[in-house]
Every structure is written in C-alpha cells, then in structure tokens.
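Colleague: model this:
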Amino acid sequence: MVWIDSEKNYYRQKVLPLAQTNEAVRLAICAVSAQHAARDFTPSSVYEKDRDHVLSMIMRGVDDMTAHPQLTVTADTAEWMLSSMMVLSSYELAHTGGADAADFHRKAARALVNTLSTLDFPTSSLFGFLQNQLSMYDIFACTTILDATDVQDAIRPVEYGDDRSFSAYLLILHDATLISRGDSAQDSTRDWRSEFVQARGETLMEVGSSGVCSSADRGDFIRLVDAYHNAALLYTARCLGHQYGPEETVGLFDLFRLLTGMENLHEWIHNLAWPIFIAGTECYGDGDRQLILRDLYQSLSDVTGFKHHGDVLTFLETFWSSGESDWRILAKQWEGLGRRILAV
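Modeller: Model prediction:
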C-alpha cells in the first residue's frame, strides 16, 4: 500500500530489480502479473505452481534460519523473503475467499519480522520499507480481528526508510484496537480526537515536504488523508463504546462527502478500502448510503481485480440485514466460523 505512486516508490526502485536476481521474488511477481493479465482471476494451475514454488523456497529459508540461529542472516535474505510474502498476499486477495490464504501470509511475514528482530543482521532501507508496508497491512487487518492475542502481536511501524508519513496515525489506531480488545482503562485518559488531528497534520506536513505529491494530485491526497482521519474517529468511537453524538454524525457525513468527492477516484480507490469499510459499518439502516457503498465496492473490484472486496461487501450486506447495529457482533460470529474479513 503505497499512498502516492512516484519514481521514489520502493516497489519500483528496489523490489522489481530484485526480481532480476532472486528466483522467489521473480516467480511471485510473475504469478501476480499473469493473474492480472488474465483478468478472470480464477485459480490456475500455472499460477498456483509458481505460488507453491515460492512458498517452498520461503519455508526452506525459514527452516534454515530457525535450525541454525548461529548463522548470520544477510540483508539480501531478509529482503527477498519479506518481498515474496508481501507479493503473495496480493496474489491471494484476487480470489473469492482468498482472505484466509492472504491472512496466512500476513502471519508468516509477521513471524519472519519478529524472528529477525531477535537476530543480529544488517538492516537496509528496503527491509525498513517492507516492514512498514507489513505494519500498515497488519494494523488495518487487526481492526477486523476480535481475537486479542492476534491483535497484540501486530508489527508496528519503524523509524526507518523514506515512507513514515502514516506512522503516527497507525500507532494511534492500533492503540485503540488493542484497548478495545482488552480490559485496559487507558481509554479514559486519552483525547483520541486531538491525537488523530495531530497525526493528520504530521502526515500532510511530511508528504508536503517530500515533494512526491504533484499539484494535480494534492487535492485528492488531502481527501484521502481526511477520509482516513474521519474513519479512524468513527472506528475508535464505536470500538471503545463512546456515546454516538453530533461529532460522529458530522464525521460520517464528511466521510461520505470525501469518498464521493474524489476528483480521480479510480486513481486512488485502491488505497481507500478501509475507510470505505468503516463507512459501511456506520450506515446500518440507511438505504441511500448503502447504495453508495455498493457502487464503491464495485469500483474497488473493477480497479484492483481483487475479489475479496466482494467478500467484504457480503459481510456488510449481511450486517445491514441483521438485527444488530454493531458490526462487531457479526464479525465475532464470522471469526468463530473461521471466516476472515480483510478490509484492505
């Protein structure tokens, strides 16, 4: 999830060149590329063979690492393993019901990063970038996980690499998730709105000073940041059991205004999956807004080709037709049945 695509995008600068020298990364990217070129995204023995080969290479690498902890892990090894895992997560999300398989890769990548944190190996700017990419993925994935054990092990962003623009936001959001899944009393002492306002300002300042956002994209980028800001406030209020008041009503209105007011929606919608989901969780009983959400999910699926967005919409439609106005009740039921909701 790169917020602004540019020549500084590390996937362009570092990961694609890595595919020229590393077989696992090359096969993972080839599987995703072939899958997207076909556009039907039905499982194919050709793609599956490449995916399985990459998985076997990763597993051998992890086995070597755990069986021989005395061996020095190189930056190259860490980079190709984490790169491959991140690419495979994208591969799985293209399939209906692929959230479970993508979740497997998320947990494997998390385990890899946690294992490497206990070893002495030279970090690199690419590994720092990939760890922050995993952190974004992990923290947003945790917002729809009700299991406190899974949530508390999420990878947090690191102060390393060039893309730290959403770090403060992610840390606050994950704190809210952690507190809501446990019995902590920390919530009563925090001004969540002020913290998110400050994080919003830090994000805009850092991206503004980096020069990666063109003047043509600036308006939609600000709308994207504001959409995440409003979604976080709504999510925090819901999950921490705060009374729903005028601020939340205005926040939901603003969120829909931002989502429907993007000047170039197709260029940005792949980064809006989480705010769109949160908007859906807060429009129970509102048929007009539900129609807007259905259109947004259709656009998400059309632009990204990821069929798991249809699975998320199925969850929301089931929630809208239920007798409960809190989406977490249905999410807990689905989780108990082993059905993952991956709103990323």
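
Colleague: What residues of stretch 278-294 count as buried?
Modeller: 278-284, 289-290, 292-293 (16 or more other C-beta atoms under 10 Å). Where C-beta positions appear, they are placed from N, C-alpha and C, glycine not excepted.

Colleague: Include secondary structure and pLDDT when you put these into JSON lines, please.
Modeller: Shown next, in JSON lines, are those (DSSP: H, G, I helix; E, B strand; the rest coil; pLDDT from 0 to 100):
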{"residue": "Ile278", "secondary structure": "helix", "pLDDT": "99"}
{"residue": "Ala279", "secondary structure": "helix", "pLDDT": "99"}
{"residue": "Gly280", "secondary structure": "helix", "pLDDT": "99"}
{"residue": "Thr281", "secondary structure": "helix", "pLDDT": "98"}
{"residue": "Glu282", "secondary structure": "coil", "pLDDT": "98"}
{"residue": "Cys283", "secondary structure": "coil", "pLDDT": "96"}
{"residue": "Tyr284", "secondary structure": "coil", "pLDDT": "97"}
{"residue": "Arg289", "secondary structure": "helix", "pLDDT": "98"}
{"residue": "Gln290", "secondary structure": "helix", "pLDDT": "98"}
{"residue": "Ile292", "secondary structure": "helix", "pLDDT": "98"}
{"residue": "Leu293", "secondary structure": "helix", "pLDDT": "98"}
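
Colleague: Got the domain ranges for this structure?
Modeller: Using automatic domain parsing, the domain parsing of the chain gives 8-122, 168-344.

Colleague: Which secondary structure element is home to Met205?
Modeller: Element membership for Met205 (DSSP states H and E) is helix 192-210.

Colleague: Identify the residues contacting Leu126.
Modeller: Leu126 makes contacts with 10, 14-15, 18, 75, 79, 83, 161, as judged by C-beta atoms under 8 Å, 6 or more residues apart in numbering.

Colleague: Next up, phi/psi of it, please.
Modeller: As for Leu126, its main-chain torsions (degrees, to the nearest 10) stand at phi -70, psi -40.

Colleague: now it: how far from Leu116?
Modeller: 13 Å (C-beta to C-beta, to the nearest Å).

Colleague: where in the chain is pLDDT low?
Modeller: The chain contains residues with pLDDT under 70 at 1-7, 38-46, 69-71, 160-164, 183-188, 211.

Colleague: Could you look up the SS state of the residue most central in space within it?
Modeller: With distances taken as C-alpha atoms, centre = their mean, the residue of the chain nearest its centroid is Tyr137 (3.1 Å). Look at Tyr137: counting by DSSP: H, G, I helix; E, B strand; the rest coil, its state is helix.

Colleague: any idea how far Leu93 is from it?
Modeller: To Leu93, Tyr137 is 11 Å away according to C-beta to C-beta.

Colleague: ok, now Glu202?
Modeller: 29 Å.

Colleague: Between the two, which is the more surrounded one?
Modeller: Leu93 (22 against 16; other C-beta atoms under 10 Å).

Colleague: residues in contact with that one?
Modeller: Per C-beta under 8 Å, 6+ apart, neighbours of Leu93: 99, 102, 306-308, 342.

Colleague: switch to 6 Å and redo it
Modeller: Contact analysis of Leu93 by C-beta atoms under 6 Å, 6 or more residues apart in numbering lists 102, 306, 308.

Colleague: quick one: which of those is nearest Gln35?
Modeller: Phe306 (10.5 Å; C-beta to C-beta).

Colleague: Now do the buried residues in stretch 314-321.
Modeller: Here stretch 314-321 shows 315-316, 319-320 as buried, counting by 16+ other C-beta under 10 Å.

Colleague: Which single one of the contacts of Leu93 is nearest to Glu248?
Modeller: Closest approach between the contacts of Leu93 and Glu248, by C-beta to C-beta: His308, at 28.0 Å.
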